[in-house]
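In: Predicted model and sequence follow; I will ask about them next.
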Amino acid sequence: MNKKRTSVSYVIRDESEPLHKNGVNALVLAPAPANCLFTACRDSLIRSWDITNKNSISLINTYEHHSDWVNSIFYTPKHDLLFSGSSDTGVKIWDASKGFVMSTLRTHRDYVKRLSFAADREIFASGGLDKKIFIWDVRTLKNLTTNINSVSTAICEGHKDSIYSMSITPCGTLLASSGTENFIRLWDPRTCLKSGKLKGHTEAVKALVLSPDGTQLLSASTDGTVKLWSIGQQRCITTFRNHEQGVWALAVDPDWSHFYSGGREKTLFETNLKTSENTFLLKENGSILDIALDKNTKSLWLGTTETSVNRWSLPTRASAHNMERAVIPGPTATIQGGEGLKTAVILSDKQHVLCTNSNGHGFLYNVLKGRLVKELGKIELKEEVEGRNRQEFIPNWFTADVRTGMLTVHLDEGECFSAWVCIVEEGDNKINYGGLILQGLLQHWNPPGTTLPDPEFKPKQCDLPPHTPFALVEGSDGCGRTLFRIRVDETCVEKDSRILEELIPTWVHNLKVKNEMPRFTKIAFYIEQFSDDPPPKSREGRLSANDFLVISKVIEYVADKILGTPDTPSPPLQDIAIFCNKQRLQSHMDLRTVKHTIWKSGSDLRLMYLVTQNSSISASGSG
């Protein structure tokens, strides 16, 4: 068990997600044996595409094991391995052909923003927001498995701030890195010692490309410039000012004659490194995040903040020079993306979340069932929320976000068990929403000491799809370092079950094994006969009940304990009304709703009863 503070996050999604649901951070054109285009998406998935047919692009595989944005990838044809770095802080090693994760490197303590591969030496560097660079040997890593996951690594330390960009020479003798410090650090990866520092940019450096021989370096910055540096002289040779806004992506021709740059303003330029002549090639639909240059087809692929990925054919250089308008009128091929979610609002029943996508279409999700309930078409979000919310108060037991373009629900120890409800239709069955969803996530996991569940048992309120992925995350609200990610139907696999047993937080383990949950929250209240006079200050007659007790039960109490006598039968329940602050309460309301929405005071709740057939008071609602 894990005694550190750990939260649980799960994603509501389809079993198959063939379309990008968010921006595409990274692209890799992989040679044989993969012979495909890899796309790394902000929806946490990596996909491989068959692009050999010019008229039809098809999905080959989907790689799912990350729990946050995938920021950087590279492919090693010699071993047919794919490597990925993510905002979930993990670096993953994949069998590229079979599409499964072989191992996860959990050395970083914060987002991994960049990987850079030295093909000749078979090493790579990983860097990110924890300010550290780790150097890894691919030949060692290819032998790792889930069970054999211990490996040593070298560390380059010295960055004072986050790392966003890196580049390493093919022979692995020079590494350049930068980020929000604005200047570029040079390293010898063999010794992890600093070998220089390049100053000149005024804002964060988002992309770096070293020449194959290690004599020159290109850098792109959010200050809107691209700079060419001499490594030997450690100075800037040329500054290119093609862009009006930040430059986020670079690609260079193999002969180091021209480079391509794009970024925030969605435009792509081609620039001659020797003459500084530049050409406005195209304008994308979203800000440009990565560029993959295909020298075989004389084209390039662009990853952007939009979900679609376009291929653009490069013009001949003799006809290309133009700064006024885009030379390339449109893409020659497109990998169509999907519509990811952009907003999420938790509704008052704390079971449903209303989401919208970029087109303003609404989607209603049930978090207890882990499913999309209804597609609502075009909606006005504020009006739809107001129309669906009721006058009810249920404590917040989860948080939700759509950062990946899909709905992610976060469960934290401090709030998860706060929402008890009473299901009157099921014989006053008392359920805890947080406990229910955790039991659903772990329905196939049977750690030592757990009584084996009935295989036919499926709770009505929580029937999660078996493909639902969930993650154990350090900290709260899913904002920390991901410790482990697994699907609901994988928890019964022996090797995954052992890892889960080791990493699962104590509060979740105790729920599963011992069915331990916090006791019900109590509310103190008084019930008195209706009167216009101020209530007495005496504490005599003070009652206490579970905060989810519904008003219909208070009516039964009044009929049985207050109005009913051996000599006089109590009136029919429908003739008894309960008031708070002179507002008649609906029978389905619970005490916490009354206290938070009508009483609105920290003092003990005051309720009044009245037999309505004798009442001259106008009721504000129906019982």
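Out: Ah, there it is. Numbering: from 1, shown residues only.
In: quick one: low-confidence ranges for the stretch 301-450 of the chain?
Out: 317-324, 424-428, 450 (pLDDT under 70).
In: All the strands of it, residue numbers only.
Out: Using DSSP state E, counting those that start in this stretch, the strands of the stretch 301-450 of the chain run over residues 309-313, 333-335, 341-346, 352-357, 361-366, 371-378, 399-401, 407-411, 420-423, 429-432.
In: OK, contacts around Val473?
Out: 6-9, 67, 410, 479-483 (C-beta atoms under 8 Å, 6 or more residues apart in numbering). For every residue, glycine as well, the C-beta is placed using N, CA and C.
In: Who does whichever strand or helix holds it pair with, and is each partner parallel or antiparallel?
Out: Element membership for Val473 (DSSP states H and E) is strand 469-474. Paired neighbours of strand 469-474 in the sheet (DSSP bridges): strand 6-12 (antiparallel), strand 482-487 (antiparallel).
In: Across the sheet, point out what pairs with the residue nearest to Asn278 when sequence neighbours are not counted.
Out: Leaving aside its chain neighbours, Asn278 sits nearest to Thr271 (4.3 Å; criterion: C-beta to C-beta, 6 or more residues apart in numbering). On the basis of DSSP bridges, Thr271 is bridged to Phe259, Asn278.
In: For Thr271, give its distance to Asn396.
Out: Separation of Thr271 from Asn396 (C-beta to C-beta, to the nearest Å) stands at 52 Å.
In: Please say which of the two ends up with more neighbours.
Out: Higher neighbour count among Thr271 and Asn396: Thr271, with 20 against 11, using other C-beta atoms under 10 Å.
In: Does the more buried one touch Val226 like I think?
Out: Yes. Counting by C-beta atoms under 8 Å, Thr271 does reach Val226; the two are 7.3 Å apart.
In: circling back to that earlier point, now tabulate the contacts of Val473 in a markdown table and tack on distance to Leu314 and neighbour count.
Out: Converted to a markdown table, the contacts of Val473 look like this (distance: C-beta to C-beta, whole Å; neighbours: other C-beta atoms under 10 Å):
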| residue | distance to Leu314 | neighbour count |
| --- | --- | --- |
| Thr6 | 49 | 25 |
| Ser7 | 47 | 25 |
| Val8 | 48 | 25 |
| Ser9 | 42 | 25 |
| Ser67 | 37 | 26 |
| His410 | 45 | 20 |
| Cys479 | 42 | 15 |
| Gly480 | 43 | 19 |
| Arg481 | 41 | 18 |
| Thr482 | 39 | 21 |
| Leu483 | 45 | 23 |
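In: could those residues go into JSON lines alongside distance to Gly435?
Out: Output for those, formatted as JSON lines (distance: C-beta to C-beta, whole Å):
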{"residue": "Thr6", "distance to Gly435": "17"}
{"residue": "Ser7", "distance to Gly435": "15"}
{"residue": "Val8", "distance to Gly435": "12"}
{"residue": "Ser9", "distance to Gly435": "17"}
{"residue": "Ser67", "distance to Gly435": "23"}
{"residue": "His410", "distance to Gly435": "16"}
{"residue": "Cys479", "distance to Gly435": "23"}
{"residue": "Gly480", "distance to Gly435": "23"}
{"residue": "Arg481", "distance to Gly435": "26"}
{"residue": "Thr482", "distance to Gly435": "23"}
{"residue": "Leu483", "distance to Gly435": "21"}
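In: Relative to His258, which of those residues is nearest.
Out: Among the contacts of Val473, Ser67 lies closest to His258 (C-beta to C-beta), at 38.6 Å.
In: quick one: which helix or strand includes the closest one?
Out: Counting by DSSP H and E, no helix or strand carries Ser67.
In: And what about His588, helix, strand or coil?
Out: Three-state call for His588 (DSSP: H, G, I helix; E, B strand; the rest coil): coil.
In: correct me, but it touches Phe548?
Out: No. His588 is beyond contact range of Phe548, at 11.4 Å (criterion: C-beta under 8 Å).
In: about what we covered before: ok, which of the strands of the stretch 301-450 of the chain comes nearest Phe74?
Out: strand 309-313 (17.5 Å).
In: which strands and helices sit next to that closest one?
Out: strand 299-304, strand 333-335 (3 or more C-beta pairs under 8 Å, 6 or more residues apart in numbering; DSSP states H and E).
In: what's the closest of these to Cys580?
Out: Here strand 299-304 is closest among the helices and strands packed on strand 309-313 (C-beta to C-beta), at 54.8 Å.
In: can you give me the helices in this protein?
Out: Taking DSSP state H as the test, the helices found in the chain are 138-141, 381-388, 433-441, 494-503, 506-514, 551-557, 591-594.
In: most packed of those helices?
Out: Among the helices of the chain, ranked by average contacts under mean count of other C-beta atoms under 10 Å, first place goes to helix 591-594 (a mean of 25).
In: got the phi/psi numbers for Glu392?
Out: phi -150, psi 150 (degrees, to the nearest 10).
In: Settle this for me: it is touching Ala419, isn't it.
Out: No. When contacts are counted by C-beta under 8 Å, Glu392 is not listed as touching Ala419 (11.4 Å).
In: Which of the two has more residues huddled nearby?
Out: Shown here are Glu392 and Ala419; by other C-beta under 10 Å, Ala419 has more neighbours (22 against 18).
In: ok, now which ones touch the nearest residue to the more buried one once chain neighbours are set aside?
Out: With sequence-adjacent residues excluded and distances taken as C-beta to C-beta, 6+ apart, Ala419 is closest to Trp397, at 4.0 Å. By C-beta under 8 Å, 6+ apart, Trp397 lies in contact with 350, 411, 415-419, 433-434.
In: Same check on Pro518?
Out: 417-418.
In: in this structure, what spans have low per-residue confidence?
Out: Using pLDDT under 70, the chain drops low at 1-3, 145-150, 317-324, 424-428, 450-461, 477-478, 536-539, 613-623.
In: The strands of the stretch 301-450 of the chain into JSON lines, with extra columns for distance to Gly602?
Out: Formatted as JSON lines, the strands of the stretch 301-450 of the chain follow (distance: least, C-beta to C-beta, whole Å):
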{"stretch": "strand 309-313", "distance to Gly602": "55"}
{"stretch": "strand 333-335", "distance to Gly602": "57"}
{"stretch": "strand 341-346", "distance to Gly602": "25"}
{"stretch": "strand 352-357", "distance to Gly602": "29"}
{"stretch": "strand 361-366", "distance to Gly602": "33"}
{"stretch": "strand 371-378", "distance to Gly602": "36"}
{"stretch": "strand 399-401", "distance to Gly602": "25"}
{"stretch": "strand 407-411", "distance to Gly602": "28"}
{"stretch": "strand 420-423", "distance to Gly602": "21"}
{"stretch": "strand 429-432", "distance to Gly602": "25"}
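In: if you compare those strands, which one is most tucked away?
Out: Mean neighbour count (mean count of other C-beta under 10 Å) peaks for strand 407-411 among the strands of the stretch 301-450 of the chain, with a mean of 24.
In: Each with direction, which strands does that one pair with?
Out: Partner strands for strand 407-411, per DSSP bridges, with pairing direction: strand 6-12 (antiparallel), strand 399-401 (antiparallel).
In: Looking at the ones you listed, spot the one closest to Lys600.
Out: Using C-beta to C-beta, the strands paired with strand 407-411 put strand 399-401 closest to Lys600, at 24.6 Å.
In: Show residues contacting the closest one.
Out: Identification of contacts with strand 399-401 by C-beta under 8 Å, 6+ apart yields 344, 346, 353, 367, 407-410, 412, 477-478.
In: Between those residues, which sits nearest Asn581?
Out: Ile346 (26.8 Å).
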